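[1] Quick one: sequence plus predicted model below, questions after.
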Amino acid sequence: MKPWSFATKGILTTVIWLANAALPSTAAQWAFISKSDLKLISPNASEEMLNVIVSSKEKFEQAGITNDLRLAHFLTQLMTETGSMSRLDENMNYKYGTLLRVFSRRTISVQKAREIERQPRLIANWVYGDRLGNLGRETDDGWNFRGSGFLQLTGRLNFRLRGRELGLPLESNPELARRPTEGLAAALAFWKVREINKAADANDLRRVRILVNGPAAHGFEQSKAFFYRHVSRAFQAKLPGAFAIGTETSVNDDIIDNLLISEGFASSDSFESQEDRESKRSDAIREVQTEFGLPVTGRIDEKTENELLQPREWRYVDVDDSQFQKSVLQPNNTVVINVSHNTGIETSEASTTASKGSGVVVDRPSIKDTEIDTINSSASAYASYETNETPRPETFVPYSVIEPDTRKAIVDTTQFPYRAVVQISFENEIGSKFLCSGAMISRDTVLTAAHCIHSGTSAGKQFRNFSVIPGRNVGAAPFGRCDATTAFLLEGWTQAQSVTESRYFDLGALKLKCDAGLQTGWFALASLSDGDVGAKTTVVGYAADRAPPGRQWISHDHLVVMGDLKGFYGNDTYGGTSGAPVFLGDRMDTLVGIHTNGIYGEDEPWRSYNAFTLLNAVALNAIAGWVAR
């Protein structure tokens, strides 16, 4: 599918609501929309959908939709996601040509498109089966968790999260989302939790689309068409300022042109010349009509426009971080922080092989009660990008356990590889105490997350008083504890200008005063390849939500999305697991990444999966230098 164009050909894409526009002051004064008004918006809408909307005024008000402007924006997104309120599940009945136009070649080949065209279940399982939390193309997840409901939930994970918010078993019974009553409830819950009413109050159509679909605003051109050409029919008189620059006659051609561009039937420069604009538009419209089996006239009509407005794969385009690394200055350069005086211990050399160590435990492994109290009262460390960019940062909750919780406790941490997993305690600049996890990668080096060492960005602060307990097991420190002398970070973490930039370089290391690795052993390091997507992933770390404190927990799932710098998986984690080692499958002597964050924010795949920093070539080169120092 061709990239979206946001060229507006003179149309303002964000409308500022006029301050003097009259809005009802309370929900009690508000006359809710009627069925006849909804018919004006969508003459061919589903009767079931219309009936459930007009009978749900109280539910709308519970979601904060208490005036006409908010309702107009909600209905705009509903129209965009459901094909003009015509159906509550995604139409997967694609022809061969449409499959190749809508989906990328990474998703479907020419041969596969010919094999599965016009077979909705097969198409859904192929294009969505290994995405969005689904369990694979060989399962029926793609079909069961296809786009459903008023705002089109898609993927097992989204069904799970919305079901949790609603108290409905959407994951075990996905058909619930395709019922009008439950589908509307899911959409209203989504609208409320993401606080979309604020963007609606500003009449910011693009911001509303971003909150519904992510920062790339896929489907924005469709939502503009619905807002100005359809929803305005019922709200023009009630909201005289909202549609002032978007009357049907003034934006008709521009909206159609942008739809043709966004859907891949024309290029962004097709309509630059006024001289041949009409002929190129007509050619593009003929292409649409040919693809969808409509009368080929070269002129826009209701059926042709409806095809251009149908929700297709643009809802599910994954955000790729491959281009981002170009924007950060020399991310592989190393920042060295001295955190204490070096005791002069000889440092180890970089190694590409693992060591199991001697396994010899200390004579007195028990941790003093006073020390346990101090450690256990420490807070879990979270990355600033995770806490600052949630939809509601003031009520941040670490949604990192993706139900069902499959974690298991590690009872004996004196065995390898568990003895090489460490708990890290430290203080921030004002003396508050925090906890993270880490992994031994040499006799005196611990690999962890950068946000366990420094708060990130050029305005960030370094932390201090680092202490490491290898293989901690509740009240026992079988291999003692050790302080750190030096910390290492990527320049991309400390010189980023925003927390969004810094998240791609969340990796660091601590150099210890002791050589604990001789007893615990250490891990080898390796990079993942594209072929590893879908493979089993394992995480071991010190999660703060399970009792008793100070116990290791292991989680298994699989690698769902992989960029150049971050990997995304469904492994269950929680605060305190930051910095934990990530392994591929059951090969637990070799690290492939460091866990960094849970589900957060608005953009995919961050809002759907937990994430880890990959050990790519840049990272491995930097780590080799850290170990050798």
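    Received it, and whenever you're ready, just let me know what you need.

[2] My guess is Gly598 contacts Arg607. True?
    No - under the criterion of C-beta atoms under 8 Å, Gly598 makes no contact with Arg607, lying 10.4 Å away. C-beta coordinates here come from the backbone N, C-alpha and C atoms, glycine included.

[3] Same drill for these two, tell me which one is more crowded.
    Gly598 (25 against 20; other C-beta atoms under 10 Å).

[4] Need the per-residue pLDDT for that one.
    The model reports Gly598 with a pLDDT of 92.

[5] How about Leu18?
    Leu18 carries a pLDDT value of 32.

[6] chain center to stretch 427-441, what's the gap?
    26 Å (C-alpha atoms, centre = their mean, to the nearest Å).

[7] can you list contacts of stretch 132-145?
    The contact list for stretch 132-145 (C-beta atoms under 8 Å, 6 or more residues apart in numbering) reads 92, 120-121, 124-130, 153-160, 174, 316, 402, 534, 560, 570, 608-609.

[8] Now do it: distance from first to last residue.
    Terminal residues of stretch 132-145 lie 9 Å apart, using C-alpha to C-alpha, to the nearest Å.

[9] what does stretch 52-70 give?
    Taking C-alpha to C-alpha, stretch 52-70 runs 18 Å from one end to the other.

[10] Filter the contacts of stretch 132-145 down to the buried ones, PyMOL style.
    Selecting only the buried entries of those in PyMOL, with 16 or more other C-beta atoms under 10 Å as the criterion:
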select buried, resi 92+120+124+125+126+127+128+129+130+153+154+155+156+157+158+159+160+174+316+402+560+570+608+609
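
[11] Restricted to helices, list the contacts of stretch 132-145.
    Pro120, Arg121, Ala124, Asn125, Trp126, Val127, Tyr128, Arg156, Leu157, Asn158, Phe159, Arg160 (DSSP state H).

[12] With respect to Ser442, which of these is nearest?
    Closest approach to Ser442 among the ones in helices among the contacts of stretch 132-145 (C-beta to C-beta): Leu157, at 36.8 Å.

[13] quick one: that closest one and Phe568, what's the gap?
    11 Å (C-beta to C-beta, to the nearest Å).

[14] Now do the shared contacts for these two.
    Shared contacts of Leu157 and Phe568 (C-beta under 8 Å, 6+ apart): Ser608, Tyr609.

[15] Now do the contacts for the closest residue in space to Leu308 that isn't next to it in sequence.
    Nearest-residue entry for Leu308: Leu259, 4.5 Å, with adjacent residues in sequence omitted and distances by C-beta to C-beta, 6 or more residues apart in numbering. Shown in contact with Leu259 (C-beta under 8 Å, 6+ apart): Glu221, Gln222, Ala225, Glu305, Leu308, Leu309.

[16] Could you dump these into JSON lines with distance to Val193 and secondary structure added?
    Shown next, in JSON lines, are the contacts of Leu259 (distance: C-beta to C-beta, whole Å; DSSP: H, G, I helix; E, B strand; the rest coil):
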{"residue": "Glu221", "distance to Val193": "26", "secondary structure": "helix"}
{"residue": "Gln222", "distance to Val193": "23", "secondary structure": "helix"}
{"residue": "Ala225", "distance to Val193": "27", "secondary structure": "helix"}
{"residue": "Glu305", "distance to Val193": "33", "secondary structure": "helix"}
{"residue": "Leu308", "distance to Val193": "31", "secondary structure": "helix"}
{"residue": "Leu309", "distance to Val193": "27", "secondary structure": "helix"}
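
[17] Pick out the most distant pair among those.
    With C-beta to C-beta as the measure, no two of these lie farther apart than Glu221 and Glu305, at 12.1 Å.

[18] who's the residue lying closest to Ala381 once chain neighbours are set aside bridged to?
    For Ala381, ignoring the flanking residues on the chain, the nearest one in space by C-beta to C-beta, 6+ apart is Phe434 at 4.3 Å. In this structure, Phe434 has the following beta-bridge partners (DSSP bridges): Ala379, Phe426.

[19] Report the contact partners of Phe434.
    Counted by C-beta under 8 Å, 6+ apart, Phe434 has contacts Ser378, Ala379, Ser380, Ala381, Ser425, Phe426, Glu427, Asn428, Cys452, Phe463.

[20] now those residues: which count as buried?
    Listed as buried from these are Ser378, Ser380, Ala381, Ser425, Phe426, Asn428, Cys452, Phe463; burial here means 16+ other C-beta under 10 Å.

[21] Report the secondary structure state of the residue nearest to the second one when sequence neighbours are not counted.
    Closest residue to Ser380 in three dimensions, ignoring its sequence neighbours and counting by C-beta to C-beta, 6+ apart: Gly575, at 2.8 Å. Reduced to three states with DSSP: H, G, I helix; E, B strand; the rest coil, the structure at Gly575 is coil.

[22] how near is Gly575 to Ser400?
    8 Å.

[23] hmm, back to that, which of the contacts of Leu259 ranks first by neighbour count?
    With neighbours defined as other C-beta under 10 Å, the most crowded of those is Glu221; it has 29 neighbours.

[24] is it true that it touches Asp257?
    No - in this structure, Glu221 is not within contact of Asp257 by C-beta under 8 Å, at 9.5 Å.

[25] ok, now which ones touch Val560?
    The contact partners of Val560, taken as C-beta under 8 Å, 6+ apart, are Asp130, Arg131, Gly133, Val533, Gly534, Phe568, Tyr569, Gly570, Pro605, Tyr609.

[26] now the helix or strand where Leu75 lies: mean pLDDT?
    Taking DSSP states H and E as the definition, one finds Leu75 inside helix 68-82. Mean pLDDT, helix 68-82: 93.

[27] Does anything pack onto that helix? Which helices or strands?
    helix 35-41, helix 197-201, helix 205-213, helix 220-226, helix 232-235 (3 or more C-beta pairs under 8 Å, 6 or more residues apart in numbering; DSSP states H and E).

[28] where exactly do the strands run in the stretch 251-400 of the chain?
    Per DSSP state E, counting those that start in this stretch, the stretch 251-400 of the chain carries strands over the ranges 334-338, 379-380.

[29] OK, contacts around Arg464?
    By C-beta under 8 Å, 6+ apart, Arg464 lies in contact with Val339, Phe426, Glu427, Asn428, Glu429.

[30] how about a markdown table for those residues, with distance to Ala354 added?
    Shown next, in a markdown table, are these (distance: C-beta to C-beta, whole Å):
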| residue | distance to Ala354 |
| --- | --- |
| Val339 | 27 |
| Phe426 | 26 |
| Glu427 | 32 |
| Asn428 | 33 |
| Glu429 | 36 |
